[in-house]
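Undergrad: Below are the sequence and a predicted model for it; my questions follow.
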Amino acid sequence: MYHKLVDKRAKLAVIGLGYVGLPIALEFAKKLSVIGFDINKKRIEMMQNNIDPSKEVSEDEFENREIIFTDDLTILKQASFFIVAVPTPVDKYNVPDLRPLIGASETVGKVLKQGDYVVYESTTYPGCTEEDCLPVLEKISGLTGVKDFKLGYSPERINPGDKKNTLKTVVKVVSGCDEESLQNIARTYELVVDAGVHKASSIKVAEATKIVENTQRDLNIALMNELSMIFDRVGINTYEVIEAAGTKWNFLKFQPGLVGGHCIGVDPYYLTHKAAALGYESKVISSSRYINDDMAKYVARKIITHVLRNSNNPKVLVKGVTFKENVSDIRNSKIVDTVKELLAFNIKVDVEDPYAVAEEVHEEYGLHLKKQPDNDYDAVIITVPHLPYKELGDAHFASMTKEHALIADLKGIYRNKIVNRKYWSL
């Protein structure tokens with residue numbers, strides 16, 4: 001398969017062209033003949049005009065690439081090596097929602113041919129590729145895995161907004177259903193990953209890799225969040241403690257904060273779901289999820305207590321609705337939970353963000369972004385350290401707030417800089 005791809009006697013297809021899929025497709029398109037497939041016609045039209053709907057890929061990165069963007073199955077059928085990179089969310093009960101993954105498997109099954117390869121990148125629990133996706137591929141295609149087509153898994157490691165740790169610079173974990181598939185999959189990814197590949201012993205090991213990466217971060221952030229609640233009662237600043245503790249060589253500088261996005265706030269639920277299915281009730285992981293999911297309400301309670309003491313008609317400004325700094329990604333934004341809690345107490349809330357797309361915020365959360373903030377807020381919540389926010393200072397916040405206002409700086413970027421208003425951070 002590898003030689004067919006390199007000689008362009010076979011095409012590679014990427015199914016799902018979001019934050020993960022599009023960068024992969026464009027990187028492979030430098031060296032191979034690529035088909036970019038997505039069921040969203042509007043997104044396809046944007047990419048056909050060299051526009052990334054996610055705003056992660058610049059226009060010039062579309063140039064000089066051998067790639068076709070399509071939602072047409074007849075074109076997708078021309079491919080022989082399929083990479084599935086669709087979202088794997090959880091539902092409102094935090095139960096894994098495999099519908100996008102199963103749907104993508106059905107799509108691939110309709111065009112799958114003997115000798116083809118299917119590699120999944122979507123983050124999921126150990127066993128999902130072989131136990132949930134493979135039967136769908138076999139049923140729809142009428143083919144048998146391993147014997148008629150090869151199966152593999154390579155966990156995505158895309159970090160939105162990060163221009164340093166990219167597809168090319170981060171080691172890629174790869175796996176296959178047998179030795180032949182492992183070697184072909186590894187050599188294929190080596191074409192675009194300068195950092196090289198790590199060959200996992202099995203598909204389940206590769207699946208577990210990504211889950212563990214994000215679960216570990218979730219646990220460490222939960223610890224920092226719990227410490228911040230303790231230190232708040234003690235009357236000391238968590239970031240000062242972290243700074244002091246960080247002088248020791250083996251201290252890990254995790255920080256408190258709202259844990260949203262499509263990875264850290266979601267992936268651990270896939271692992272606890274699998275554990276429960278196997279008869280094991282997770283304790284540490286579940287506790288961390290509880291702490292991190294509850295932080296949005298904890299922040300809301302701090303704001304509510306302050307503003308209701310000082311105003312009969314409180315008004316709050318939230319600066320930042322994306323799940324992390326310097327990106328437009330609003331998926332699973334936990335500050336929205338804080339906003340909902342404030343609104344439940346009849347507190348007027350304005351939201352602004354220099355990176356988020358107003359239409360997407362309204363469609364996803366029913367919130368309207370404020371273009372120009374007012375000057376009479378009882379509290380301001382700064383959720384993420386967007387670059388434009390780092391340039392702001394004491395005078396800026398004093399100009400938009402009442403004298404009794406609280407500046408809630410969740411990431412500690414204005415520590416020791418706010419003097420004319422009450423200051424609080426996690």
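TA: In hand now; what should we look at? Numbering: from 1, shown residues only.
Undergrad: pLDDT score for the residue lying farthest from the centre of the chain?
TA: Centroid-distance maximum for the chain: residue 312 at 38.7 Å, with CA atoms, centre = their mean. For residue 312, the pLDDT comes out at 92.
Undergrad: measure it to residue 192 for me?
TA: 60 Å (CB to CB, to the nearest Å). C-beta coordinates here come from the backbone N, C-alpha and C atoms, glycine included.
Undergrad: List the residues that contact residue 95.
TA: 269, 273 (CB atoms under 8 Å, 6 or more residues apart in numbering).
Undergrad: Hmm, I typed the wrong one, I wanted residue 111.
TA: Per CB under 8 Å, 6+ apart, neighbours of residue 111: 73, 76-77, 79.
Undergrad: Can you lay out those residues as JSON lines showing distance to residue 46, neighbour count and secondary structure?
TA: Below are those laid out as JSON lines (distance: CB to CB, whole Å; neighbours: other CB atoms under 10 Å; DSSP: H, G, I helix; E, B strand; the rest coil):
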{"residue": "73", "distance to residue 46": "20", "neighbour count": "12", "secondary structure": "helix"}
{"residue": "76", "distance to residue 46": "19", "neighbour count": "21", "secondary structure": "helix"}
{"residue": "77", "distance to residue 46": "24", "neighbour count": "15", "secondary structure": "coil"}
{"residue": "79", "distance to residue 46": "22", "neighbour count": "24", "secondary structure": "strand"}
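Undergrad: what are the ranges of the strands in the stretch 151-300 of the chain?
TA: For the stretch 151-300 of the chain, the strands defined by DSSP state E, counting those that start in this stretch cover 172-176, 197-199.
Undergrad: Give me the buried positions along the shortest one.
TA: Within strand 197-199, the residues that qualify as buried by neighbour count (16 or more other CB atoms under 10 Å) are 197, 199.
Undergrad: Next: stretch 362-369.
TA: 364-365, 367, 369.
Undergrad: Report the separation between the two terminal residues of that stretch.
TA: End-to-end distance of stretch 362-369 (CA to CA, to the nearest Å): 8 Å.
Undergrad: Stretch 1-17 now?
TA: So stretch 1-17: terminal residues 23 Å apart, CA to CA.
Undergrad: Return the residues in contact with the closest residue to residue 347 other than its chain neighbours.
TA: Excluding its sequence neighbours, the residue lying closest to residue 347 (CB to CB, 6 or more residues apart in numbering) is residue 314, at 4.8 Å. Contact analysis of residue 314 by CB under 8 Å, 6+ apart lists 307-308, 347-348, 378-379.
Undergrad: Try it again at 6 Å.
TA: Taking CB atoms under 6 Å, 6 or more residues apart in numbering, we find residue 314 in contact with 307, 347, 378.
Undergrad: Helix, strand, or coil at the first one?
TA: Assigned state for residue 307: helix (three-state reduction, DSSP: H, G, I helix; E, B strand; the rest coil).
Undergrad: surely it meets residue 378?
TA: Yes - under the criterion of CB atoms under 6 Å, residue 307 makes contact with residue 378 at 4.3 Å.
Undergrad: on contacts alone, who are the packing partners of the helix or strand where residue 75 lies?
TA: Assigned by DSSP states H and E, residue 75 belongs to helix 73-76. With contacts taken as 3 or more CB pairs under 6 Å, 6 or more residues apart in numbering; DSSP states H and E, helix 73-76 sits against no other helix or strand.
Undergrad: What about residue 1, how many residues nearby?
TA: When counting by other CB atoms under 10 Å, one arrives at 20 neighbours for residue 1.
Undergrad: what do you get for residue 225?
TA: Residue 225: 24 neighbours (other CB under 10 Å).
Undergrad: Can you tell me the closest non-neighbouring residue to it?
TA: residue 256 (4.6 Å).
Undergrad: quick one: the one you found from residue 299, how far?
TA: 10 Å.
Undergrad: And residue 262, by the same measure?
TA: Residue 262 is 21 Å from residue 299, by CB to CB.
Undergrad: do the same with residue 38
TA: In terms of CB to CB, residue 38 sits 36 Å off from residue 299.
Undergrad: repeat for residue 133
TA: From residue 133 over to residue 299 (counting by CB to CB), the distance is 38 Å.
Undergrad: can you check residue 349 too?
TA: 13 Å.
Undergrad: Settle it for me: which of those two has more neighbours?
TA: residue 299 (24 against 21).
Undergrad: List the contacts of the residue lying closest to the more buried one once chain neighbours are set aside.
TA: Among residues not flanking residue 299 along the chain, residue 338 sits closest, at 5.0 Å (CB to CB, 6+ apart). Going by CB under 6 Å, 6+ apart, residue 338 touches 296, 299-300.
Undergrad: Helices of the stretch 101-250 of the chain, start to end?
TA: 128, 134-141, 179-190, 203-234, 238-245 (DSSP state H, counting those that start in this stretch).
Undergrad: tell me the angle the longest one makes with helix 134-141.
TA: Okay, so that is helix 203-234. 130 degrees (axes from the mean of the first three to the mean of the last three CA atoms, to 10 degrees).
Undergrad: Let me know the average pLDDT across helix 203-234.
TA: 96.
Undergrad: Number of residues surrounding the closest residue to residue 139 other than its chain neighbours?
TA: Using CB to CB, 6+ apart and skipping the chain neighbours, the partner closest in space to residue 139 is residue 109 (7.0 Å). Neighbour count of residue 109, defined by other CB under 10 Å: 20.
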